[in-house]
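Novice: can't give you the sequence, but here's the structure:
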């Protein structure tokens with residue numbers, strides 16, 4: 001199993017920045033992808049960004065492209081999400097997730113960290 005713990009959420013004004021962190025533990029050698037998702041009140045969870053654990057290839061949702069950056073360190077077993085130019089619509093609980101090699105979906109999730117962007 002893989003355990004994921006997020007941190008770094010908080011309250012920020014429109015246009016501000018936050019950096020979320022996620023530390024992985026357990027069977028980290030089996031990780032293929034690490035990702036960030038978010039869920040706003042009354043909405044479904046949505047994909048934000050992902051990175052291949054050992055290749056560093058990244059992918060972003062259109063809504064965050066150019067504003068958010070995902071990066072990882074598989075020696076420190078950490079992944080970060082740098083969020084710049086934040087907007088009120090970025091307000092959500094942000095979740096770190098991992099996908100094990102050979103799995104078709106993300107199979108481990110963190111507990112989430114709240115990000116609130118005030119207008």
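Specialist: Structure's in. What do you need? Here the structure is a predicted model, which means the values were calculated and not measured. Numbering: from 1, shown residues only.

Novice: which outside residues touch stretch 4-11?
Specialist: Contacts to stretch 4-11, defined as CB atoms under 8 Å, 6 or more residues apart in numbering, come from residues 18-25, 93-98, 108-116, 118. No exception for glycine: its C-beta is placed from N, CA and C like everyone else's.

Novice: buried ones in it?
Specialist: Buried residues in stretch 4-11, counted by 16 or more other CB atoms under 10 Å: 4, 6, 8, 9.

Novice: export those residues to CSV and tack on distance to residue 67 and pLDDT?
Specialist: Formatted as CSV, these follow (distance: CB to CB, whole Å; pLDDT from 0 to 100):
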residue, distance to residue 67, pLDDT
4, 23, 98
6, 19, 97
8, 16, 97
9, 16, 95
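
Novice: Quickly check the residues you listed for the two that are furthest apart.
Specialist: 4 and 9 (14.2 Å; CB to CB).

Novice: any idea which element the residue positioned nearest the centre of the chain lies in?
Specialist: Centrality entry for the chain: nearest residue to the mean C-alpha point is residue 36, 2.4 Å, by CA atoms, centre = their mean. Under the criterion of DSSP states H and E, residue 36 resides in strand 31-39.

Novice: Partner strands of that strand and their direction?
Specialist: Strand 31-39 sits in its sheet next to strand 46-52 (antiparallel), strand 92-100 (antiparallel), going by DSSP bridges.

Novice: now residue 72, nearest residue through space, not along the chain?
Specialist: Of all residues not flanking residue 72 in the chain, residue 79 sits nearest, at 4.2 Å (CB to CB, 6 or more residues apart in numbering).

Novice: did I read that right, that neighbour in a strand?
Specialist: Yes - according to DSSP: H, G, I helix; E, B strand; the rest coil, residue 79 belongs to a strand.

Novice: Now, of the contacts of stretch 4-11, which are buried?
Specialist: 18, 20, 22-24, 93-98, 108-110, 112-113, 115.

Novice: got the contact list for the closest residue to residue 112 other than its chain neighbours?
Specialist: Counting by CB to CB, 6+ apart, residue 112 lies nearest to residue 93, which is 4.2 Å off, once chain neighbours are set aside. By CB under 8 Å, 6+ apart, residue 93 lies in contact with 9, 38, 39, 40, 112, 113, 114, 115.
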